[in-house]
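[1] Got a predicted structure plus its sequence, pasted below:
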Amino acid sequence: MNMTQCPQCKHQRKGEEYKCPKCDCFYSPLDEILAAEADEIERRSFTGRFKVAKEKSNFGGAVKAEYQRIEEASPYNVSLILAVIVMFIFTMTLSVL
Ligand SMILES: [Zn+2]
């Protein structure tokens, strides 16, 4: 098999492309595996970067500070309801992430 051109449309392969830009066909089964591998690495590195960003932003601390501010200005029963709402939103946010 000639790996320098597309097996379907014979489009000339350029550089490190895995797929043919004309017909979206992989140049070879090996290229299909490499492309899947590259996607996996990209996905993992994105997840890794996101985790670091989440830790740096101190999301939990910000929510806690906001809750304390509301608690100081509200009667006990109102702050209890707010605490439930905040906890609910917080849990929903975590489950989405
Ligand atoms: Zn092609």
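    Everything's here; your move.
[2] Would you mind listing what in the protein touches the ion?
    Residues of the chain lying near the ion by C-beta under 5 Å from the ion: Cys6, Gln8, Cys9, His11, Cys20, Lys22, Cys23, Cys25. Where C-beta positions appear, they are placed from N, C-alpha and C, glycine not excepted.
[3] and the residues you listed, which of them are in helices?
    Using DSSP state H, no member of the residues of the chain next to the ion falls in helices.
[4] helix or strand right after the top helix by length along the chain?
    When secondary structure is assigned using DSSP H, the longest helix within the chain turns out to be helix 29-57. Helices and strands here follow DSSP states H and E; after helix 29-57, the next one along the chain is helix 59-73.
[5] what are the C-alpha coordinates of stretch 18-31, in CSV please?
    These are the backbone C-alpha positions of stretch 18-31, laid out as CSV (Å, rounded to 0.1, in the frame of the first residue of the first chain):
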residue,chain,number,x,y,z
TYR,A,18,-3.7,11.2,9.5
LYS,A,19,-6.8,11.7,7.4
CYS,A,20,-7.3,12.8,3.8
PRO,A,21,-8.7,16.4,3.7
LYS,A,22,-10.7,15.6,0.6
CYS,A,23,-12.6,12.4,1.5
ASP,A,24,-11.9,12.2,5.3
CYS,A,25,-10.4,8.7,4.8
PHE,A,26,-7.4,7.5,7.0
TYR,A,27,-4.3,7.1,4.9
SER,A,28,-3.6,3.7,6.5
PRO,A,29,-4.9,1.5,9.5
LEU,A,30,-1.8,2.6,11.4
ASP,A,31,-2.7,6.3,10.9
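[6] 41 is where my numbering starts, stick with that
    In the new count, where the first residue is 41, that last one comes out as stretch 58-71.
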